[in-house]
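Asker: no letters, just coordinates:
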């Protein structure tokens, strides 16, 4: 048996507002992901975008992990945002920026404590074990910040 669908409940204004909100959150999410990328790029040796473009596996892994970490933060920020669109967007922006800062600082701190030579790791032609530790930190910090938002 199919659920009873009331087409009258599909209000064009509500749908339009919903689509607008989705687009705004999507744009904000993309901007936060770009901010995360540039923050990692600015705090790591060598131009990260070039290393990714050249297919350096360690640069790709670290970049991907950073994107996953910030995505957790953005998703949870959107999920817990209030009913007011502007409040939700502002909350998502603030939590996203805090998450980017936490990821970058945490990863750099770990690299400093462990003595990982990020220049060598990123420039490497082959995957090295240290990259998994740095990637895990990016993902873990994204999760920590995301759960802290709840």
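Answerer: Structure received. What you see is a predicted model; the values in this text were computed from it and never measured.

Asker: got the buried residues for the one helix or strand residue 94 maps to?
Answerer: Element membership of residue 94 [criterion: DSSP states H and E] is helix 85-114. Buried residues in helix 85-114, defined by neighbour count with 16 or more other Cβ atoms under 10 Å: 88-89, 91-93, 95-96, 99-100, 102-104, 106-108, 110-111. Bear in mind the C-beta positions are built from the backbone N, C-alpha and C, glycine included.

Asker: check contacts around the spatially most central residue of the chain.
Answerer: Central residue of the chain (Cα atoms, centre = their mean): residue 70, 1.7 Å from the mean position. Shown in contact with residue 70 (Cβ atoms under 8 Å, 6 or more residues apart in numbering): 32-33, 35-36, 96, 99-100, 103, 142.

Asker: now with 6 Å, please.
Answerer: By Cβ atoms under 6 Å, 6 or more residues apart in numbering, the contact list for residue 70 reads 32-33, 36, 99, 142.

Asker: I'd like to know which helix or strand in this structure has the lowest mean pLDDT.
Answerer: helix 12-43 (a mean of 86; mean pLDDT, DSSP states H and E).

Asker: what's the pLDDT at the closest residue to residue 65 other than its chain neighbours?
Answerer: The shortest distance from residue 65 to any non-neighbouring residue, by Cβ to Cβ, 6 or more residues apart in numbering, is to residue 135 (3.5 Å). Per-residue pLDDT puts residue 135 at 93.

Asker: likewise residue 57?
Answerer: pLDDT, read off for residue 57, is 97.

Asker: next: residue 118.
Answerer: So residue 118 comes in at 89 (pLDDT).

Asker: my guess is it contacts residue 44. True?
Answerer: Yes: at 5.4 Å, residue 118 counts as touching residue 44 under the criterion of Cβ atoms under 6 Å.

Asker: still on that earlier bit, got the angle between the helix or strand where the residue nearest to residue 65 lies and helix 85-114?
Answerer: Under the criterion DSSP H and E, the helix or strand holding residue 135 is helix 130-149. On the basis of axes from the mean of the first three to the mean of the last three Cα atoms, to 10 degrees, helix 130-149 is oriented at 140 degrees to helix 85-114.
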